[in-house]
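Visitor: can't give you the sequence, but here's the structure:
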């Protein structure tokens, strides 16, 4: 930005650059700096996303929204998504016999695993149990609604 500012001041002082209206100046300014700005904002927004205490469904929706307009796609998109998700869910999916291989599978499997874990947790709390995280006995097959190929405990 400093280089651009210096060039602009030099051109204005030498008379090589004239703006008849503020709109023309602002249009050139926006053209110079506005084009990539939305993409940069999207990349930064997407990079800072974390699931936190939200459901995976909420996190997936926010991730999809942030990814739109960013330069992420394919493997880099998967890696950014994994980075922001719950460490426990990420580990469970990575350790699965057949882990997700594309972003749609990551969205689907992580959402299913999170949903089943929350249902299990709620049922346990109703019965007087107080589990705070995904325990090691939680079957990975539950995130794929019973598909045995994802169950490590067979």
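Guide: Yes, it's here. For clarity, every value in this text was computed on a predicted model and none was experimentally measured.
Visitor: Mind picking out the helix or strand in this structure with the poorest mean pLDDT?
Guide: None of the helices or strands of the chain scores lower by mean pLDDT, DSSP states H and E than helix 22-33, at a mean of 70.
Visitor: Have a look at this protein and report its longest helix.
Guide: Longest helix in the chain by number of residues (criterion: DSSP state H): helix 103-126.
Visitor: Closest to the centroid, which residue in the chain?
Guide: Nearest residue to the geometric centre of the chain (CA atoms, centre = their mean): residue 63, 3.6 Å.
Visitor: Contact partners for that one?
Guide: When contacts are counted by CB atoms under 8 Å, 6 or more residues apart in numbering, residue 63 is found next to 46, 49, 81, 84, 107. Using the backbone N, CA and C atoms, a C-beta is placed for each residue, glycine as well.
Visitor: In helices, which of those appear?
Guide: Short answer: these in helices (DSSP H) are 46, 81, 84, 107.
Visitor: thought residue 109 was touching residue 93?
Guide: Yes - taking contacts as CB atoms under 8 Å, residue 109 lies within contact range of residue 93: 5.7 Å.
Visitor: Below-threshold pLDDT in this protein: ranges please.
Guide: 1-2, 29-37, 128-154 (pLDDT under 70).
Visitor: please redo it, this time with the cut-off set to 90
Guide: Where the chain drops to pLDDT under 90, the residues are 1-49, 65-73, 117, 120-154.
Visitor: circling back to that earlier point, please pick the buried ones from the contacts of residue 63.
Guide: For those, a neighbour count by 16 or more other CB atoms under 10 Å gives the buried set as 46, 49, 81, 84, 107.
Visitor: wait, the fourth one sits on residue 45?
Guide: No - look at residue 84 against residue 45 with CB under 8 Å: they stay out of range, at 11.1 Å.
Visitor: Identify the contacts common to these two.
Guide: Between them, residue 84 and residue 45 share no contacting residue, judged by CB under 8 Å, 6+ apart.
Visitor: Quick one: distance of the strand or helix carrying residue 8 to the chain centre.
Guide: Assigned by DSSP states H and E, residue 8 belongs to helix 2-14. Here helix 2-14 is found 39 Å from its chain centre; the criterion is CA atoms, centre = their mean, to the nearest Å.
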